[in-house]
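Visitor: Make a model of this:
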Amino acid sequence: MSESVWSYPRPPRVEASPRRVRVVFDGIVVAESEHALRVLETSHPPVYYIPHDDVRLQYLEPSGRHTVCEFKGRADYYGLVHDGRVSPDAAWSYPDPAPGYEPLAGYIAFYPARVEACFVDDERVQPQPGDFYGGWITADIVGPFKGGRGTAGW
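Guide: Presented below is the predicted three-dimensional model:
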């Protein structure tokens, strides 16, 4: 059964995911969870947020970068570092999310394009187009997706 990103709400919805998610960087599983949350927003593939307890935090370093989401609030960014290899701003979190998004506190999201691989169950995800959004595209998610060339006005 497929999900169209055009049936997702705006403002975004946070929901628990029953699926196992995994993030690999430099040959190491840096995060793996069966307790992830996913954020669903019109025109975007789901973004998975993984609880801190299921992330190998020793590989994350605060980058000093911050952005503000009109819905979720201020995001803090982290680089992934292992054995001299660095992926800048590969992950982000909302330590003090805006009202309605409190469940995201204590969770970290990863950009699939900035790590070696991300998986939902055993399916390797495709990154959302562009370099701003961090959606995880699987075979059951149908677009078109915001983020690619010419989609800024959507």
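
Visitor: Spit out the contact partners of residue 148.
Guide: 129, 130 (Cβ atoms under 8 Å, 6 or more residues apart in numbering). Placement of C-beta: from N, CA and C, glycine included.

Visitor: could you measure it against residue 121, distance?
Guide: From residue 148 over to residue 121 the distance is 25 Å, taken as Cβ to Cβ, to the nearest Å.

Visitor: And for residue 53?
Guide: Counting by Cβ to Cβ, the gap from residue 53 to residue 121 is 20 Å.

Visitor: again, but for residue 154
Guide: 29 Å.

Visitor: quick one: the helices in this protein?
Guide: For the chain, no helices turn up when DSSP state H is the criterion.

Visitor: What's opposite the nearest residue to residue 107 once chain neighbours are set aside in the beta bridge?
Guide: Spatial nearest neighbour of residue 107, excluding adjacent residues (Cβ to Cβ, 6 or more residues apart in numbering): residue 49 at 3.7 Å. Counting by DSSP bridges, residue 49 is bridged to residue 37, residue 109.

Visitor: Contacts only, for residue 49.
Guide: 14, 36, 37, 38, 39, 93, 104, 107, 108, 109.

Visitor: Quickly name whichever of these is closest to residue 140.
Guide: Within the contacts of residue 49, the smallest distance to residue 140 is 12.4 Å, found for residue 38 (Cβ to Cβ).
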